[in-house]
Structure formats: C-alpha cells, structure tokens
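**Student:** Fold the following and give me the result.
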Amino acid sequence: MKAFIATLLSSAVMLALPAAHATDSDLAALEKAARGEGQINSVGMPDSWANWKDTWNDINSKYGLKHSDTDMSSAQELAKFAAEKENASADIGDVGAAFGPIAVAQDLATPWKTAYWDQVPDWAKDKAGNWMLAYTGTIAFLVDKQQVKDIPHSWADLKKGKYVVTIGDVGVAAQAANGVLAANYALGGDEKNLKPALAFFADLAKQGRLGVTDPVIANIEKGEVQMAVVWDFNGLNYRDQIDKNRYEVVIPSDGSVISGYTTIINKYAKHPNAAKLAREYIFSDAGQINLAKGYARPIRAEHLTLPADVQAKLLPQSEYKNARPIKDQAAWDKSSKMLPRLWQENVIINMQQ
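**Tutor:** Numbers count the residues shown, from 1 in each chain. Now for the predicted structure:
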C-alpha cells in the first residue's frame, strides 16, 4: 500500500511539473514515476518504422517498461485520442509534422520539453513543448543507375533527361505532395503559388516522362522505376535493401522541402510519465542513433557523433544546404487540399495515351 501511495504521489509531482527544460532532478523523479506505471502503449510507432524496435527494447531493459504498439496513420492516431478521451488505450503516438499543431488545436497533447530542447530548431517544435520533431524527412531523388546513366542532381537536371520520373499519387500520398512542393521551391514558387511545379510536371507529362507507378520497394526492385521522388529515409532504405551499388540517393541541389515526425503525448494517457520518459529517451544520443539506424535523420544530427556504420546509412549534411522547412504551414495546408484537383487539371490531362 505504501508503494502504491508513493507511486501516486510521485505521479502527481510529475503531472504538476511545468513544461520547462527537464533538469536532472526532474528526470530522476520522472524515471521513478514511470517505473511505477510500468507500461507504455503507443500508436504509429511499430518496430519496422524508424527502428522503433531498438528504442522500445532499450526503454524496456533500461526502465522496466512493458510496451505495445498499434500501427496507424497520423490522422487515425489523433482520432483515437479524441474518441477515447478518459478511456485512453494509448499514451503516445508518432505523427507527421502537420499533425502537431492539429493535436494542440484539438487539445489532445500534453507538453514535455526534453533536456535537449535547445538543440531542436525553432521551426521543429511547439513553443509550449506540445510537440517537437525527433527526426526529419527531406525530399530526395532515388536513381536506378542501371537505367539512368546521367545522374540528376537537381530539378533542372530532370528537365534535360530522357528517363521516366516517378512521383506517386499526388492526390493521396504525403510523400508525393511534398515532392511537388520541393520542386516548387526550386523553381521559385512558395506554399501559396504552385504554378511553377505544376508547369514543370505538366512538361514532363507532355514528354511522356511522368511515371504512374507507385514508388514502393516492390516496384523499384522489379526495375519498374527509373528515377523516383521520395523521402530520403525511404530512398536510403530501399537502396540498401535492394542493392546499395545499383542506386544513388540525391537531395536536389536547387531546392527541397524538409519535414519530419513528432511524438504526441496523449492528454488522457494512463501512463503519462512513461510517455514523457519515452520522449526524453528518443531525444537522447542513444535514441537519436536508434532512429538513424532506421534511416531517419535525427533532429539533433549536428550535435551527435554517429558511429561510422550508422553515419554511412545517411547522406552528408552538405547535401541538405538548400533543403528548407515549410515556412507558411497554413498556406500549404490550403494548397495541399487543392493539389489533387490542380494536379488533375494541369498535369494528368497532359499524360500521353
């Protein structure tokens, strides 16, 4: 009974802590409270994505927290938090950058600023600590060198090629929509004006050089994709899974978009301290290295010394010099909703029969 009361008191202390930087004393109290909870349930953080497997294994062995995950999309995660409320079955989820502000607007998040708060760029975190990106994705080119001899290093290079460019379903896939935005940045457009990118892809369509194949690993491995527009972590993963020497992954030098993923600690979590401790570990050196092992670029990459074998999985920092985050998220939210219709009217209509 005493242990039970101590756990309750410890949890109460942690729940009352402000969302300021986590200090050593805070973290000691947090670990004690989390151990008392003994469990953490996640959504959208499966073993196979971003090497979450190693992180959950570490959290279990280091803190004694049992773990279970239910894989689902970002939208499904927030819908689950909202529907279950006090009957929450999930403590923490991993969602795309655009869903962080949505979680705040829907009052679904609990703030927690980790000890590494200052090493996270301002664009990649909520001022109150409700969300902070743990890893990033940047739009890249995945090139099959067996089929493409003149490797493109920019969007401008793509216009000069003879190969087919595969971007995926712009009306459905976030990766494809962000690919359009990346091209738009390089061509002088912004989140409000997508005309430069639409004209660019319309030209490819007229040339019969715009692929309709889904750029997933099965199609790439079969040789059905000559050059694909994908997130860097997907491109690097596909490259290594199929044949490291056959493929080249390039960040377009004339412009790209950088986004990422953030944990959301459920406001109604049954194990809130375990969730906060998990976020703390994810931002630690060990947690960030785990993400890099899964081809996700750690948000603290510039502050880490990655093991040589892990560093080899990623692209050098110099590749990212012209990649930038979304500046006007509200404008992009509006434009991305219109993009399926705009793509149909401006690009698909030019596809050769």
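**Student:** Strands of the protein, start to end?
**Tutor:** Under the criterion DSSP state E, strands of the chain are mapped to 39-43, 66-70, 92-96, 133-144, 165-166, 210-211, 227-231, 247-250, 256-265, 297-298, 323-325.
**Student:** So what are the sheet partners of the second one and their directions?
**Tutor:** When you say that, I think you mean strand 66-70. Using DSSP bridges, strand 66-70 pairs in its sheet with strand 39-43 (parallel).
**Student:** Equivalent analysis for the longest one, please.
**Tutor:** With DSSP bridges as the test, strand 133-144 is paired with strand 227-231 (antiparallel), strand 247-250 (antiparallel), strand 256-265 (antiparallel), strand 297-298 (antiparallel).
**Student:** what about the last one, average pLDDT?
**Tutor:** Average pLDDT, strand 297-298: 96.
**Student:** and what of the first one?
**Tutor:** Averaged across strand 227-231, the pLDDT comes to 96.
**Student:** Likewise for the second one?
**Tutor:** Looking at strand 247-250 alone, the average pLDDT works out to 98.
**Student:** got the contact list for that strand?
**Tutor:** For strand 247-250, contacts defined as Cβ atoms under 8 Å, 6 or more residues apart in numbering pick out 140-145, 151-153, 232, 235-236, 238-239, 315, 319. Heads up, the C-betas are built off the backbone N, CA and C, glycines and all.
**Student:** Mind giving me the PyMOL select for these, buried ones only?
**Tutor:** Here is the PyMOL command that selects the buried residues among the contacts of strand 247-250 (16 or more other Cβ atoms under 10 Å):
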select buried, resi 140+141+142+143+144+152+153+232+235+236+238+239+315+319
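**Student:** what stretches of this protein score poorly on pLDDT?
**Tutor:** Residue ranges of the chain with pLDDT under 70: 1-22, 352-353.
**Student:** hey, which helix is longest across it?
**Tutor:** helix 329-346 (DSSP state H).
**Student:** JSON lines for the strands of the chain, including distance to Ala33?
**Tutor:** Below are these laid out as JSON lines (distance: least, Cβ to Cβ, whole Å):
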{"stretch": "strand 39-43", "distance to Ala33": "12"}
{"stretch": "strand 66-70", "distance to Ala33": "16"}
{"stretch": "strand 92-96", "distance to Ala33": "15"}
{"stretch": "strand 133-144", "distance to Ala33": "22"}
{"stretch": "strand 165-166", "distance to Ala33": "49"}
{"stretch": "strand 210-211", "distance to Ala33": "52"}
{"stretch": "strand 227-231", "distance to Ala33": "36"}
{"stretch": "strand 247-250", "distance to Ala33": "42"}
{"stretch": "strand 256-265", "distance to Ala33": "14"}
{"stretch": "strand 297-298", "distance to Ala33": "27"}
{"stretch": "strand 323-325", "distance to Ala33": "34"}
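**Student:** Please dump the strands paired with strand 133-144 into a markdown table; it should also carry mean neighbour count and distance to Lys127 for every row.
**Tutor:** Shown next, in a markdown table, are the strands paired with strand 133-144 (neighbours: other Cβ atoms under 10 Å; distance: least, Cβ to Cβ, whole Å):
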| stretch | mean neighbour count | distance to Lys127 |
| --- | --- | --- |
| strand 227-231 | 26 | 27 |
| strand 247-250 | 21 | 34 |
| strand 256-265 | 25 | 14 |
| strand 297-298 | 24 | 22 |
